[in-house]
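Participant: This is the structure alone, sequence omitted:
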């Protein structure tokens, strides 16, 4: 996860309470293989690191086929304007966040993208995902276009995988006086999820839906106008379909993420070029396992090596870049304004995993926020 410094948010995480939308949705969701994990979240809630929330909040801008919007690195160059959109509308209250009542009503776009950020973060904890595993599903247009869910990742940008299941999610957001209040707007968002699910299932019945999945989730995040309750996330069951080559998909997802971020932070580096070449080979390979642990090579045909930081000094990749105080992560600092800086970077462990190409270690990589 990229490290974030945003001085106007004086808290490390955002508290979110979670619940099943109703008993009917609960019974359907408990039949999922992740039912036990969902119960844990309902009982204990979720604390989303601010960095994770902001990363997911930017996902709506990504357009894989559009120059300047195709990679995470390209989005990073627009982070100033994207983050500033949040500033007047939300209050980060030290534990969670709520609506800035002086600015109520909020723009629909802010509510929508907060719903996406919260919903994706909740599903992360159900499946052990991170932002490395998600992408926006391309919307179809024109006559006969099929409705699609919001997010996923895959061989094509359609699904997210935990190594066993192919997962998609539809995220919604709304506002209420209290974050747990049941309002007509909440019912409308639930109906929108069900309507999209119905249309997708009809398309799947005629083999005309291009994005397969065997697990689909719906989430509705509710921002309260009161600061006495954390933001709330309702879980909805939108049904699923057939799965796909889950482990291969997740490897490609994470390699794509690494290519984007390393290419953004050091576009002329040897590892950026080697990683882009390797991802092209992976994308066209019929058996990804043949490239598992095959190290990336530099221009002299030698393995690219990065030793861990030592004696308070960063490794060679980060020596000419901004680093955190202990040297274990580095990247670039963007100036948001005269008063605020934003740090975009990653852990050096990810850099070494990119070089060694150990798929198992890459898929199991987790870092606390």
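Facilitator: Yep, that arrived. Note that the structure is a prediction, hence the values are computed from the model and not measured.

Participant: For residue 137, which non-adjacent residue is closest in space?
Facilitator: Leaving out its chain neighbours, the residue that sits closest to residue 137 by CB to CB, 6 or more residues apart in numbering is residue 148, at 4.7 Å. (Each C-beta comes from the backbone N, C-alpha and C, glycine too.)

Participant: pLDDT score assigned to the one you found?
Facilitator: Note on residue 148: pLDDT of 77.

Participant: quick one: it and residue 169 touch, right?
Facilitator: No. In this structure, residue 148 is not within contact of residue 169 by CB atoms under 8 Å, at 11.4 Å.

Participant: low-scoring stretches of the stretch 101-250 of the chain, by residue?
Facilitator: 140-146, 151-164, 238-249 (pLDDT under 70).

Participant: For it, which segments count as strands?
Facilitator: With strands called from DSSP state E, counting those that start in this stretch, the stretch 101-250 of the chain shows them at 135-136, 151-152, 160-161, 166-176, 215-224, 231-236.

Participant: Go through these and name the closest to residue 50.
Facilitator: Proximity to residue 50 (CB to CB) singles out strand 231-236 among those, at 12.8 Å.

Participant: who touches the closest one?
Facilitator: By CB atoms under 8 Å, 6 or more residues apart in numbering, the surrounding residues in contact with strand 231-236 are 14-21, 25, 29, 38, 42, 46, 96-98, 118-119, 122, 179-180, 186, 190, 193-194, 217-224.

Participant: if you set the cut-off to 7 Å instead, what comes out?
Facilitator: Outside strand 231-236, the residues within contact range by CB atoms under 7 Å, 6 or more residues apart in numbering are 14, 16-21, 25, 29, 38, 96-97, 118-119, 122, 179-180, 190, 193, 217-224.

Participant: ok so, going back, the strands of the stretch 101-250 of the chain: which one's closest to residue 289?
Facilitator: Between residue 289 and those, the tightest spacing by CB to CB is seen for strand 160-161, at 15.7 Å.

Participant: Who has more neighbours out of residue 148 and residue 169?
Facilitator: Higher neighbour count among residue 148 and residue 169: residue 169, with 26 against 22, using other CB atoms under 10 Å.

Participant: gap between that one and residue 44?
Facilitator: Note on residue 169: its distance to residue 44, by CB to CB, to the nearest Å, is 21 Å.

Participant: again with residue 220
Facilitator: Note on residue 220: its distance to residue 44, by CB to CB, is 19 Å.

Participant: More neighbours: which of these two?
Facilitator: Neighbours were counted for residue 220 and for residue 44 using other CB under 10 Å; residue 220 has more, 26 against 10.

Participant: Tell me if I'm right that that one and residue 185 touch.
Facilitator: No. Using CB atoms under 7 Å, residue 220 makes no contact with residue 185, being 9.6 Å away.
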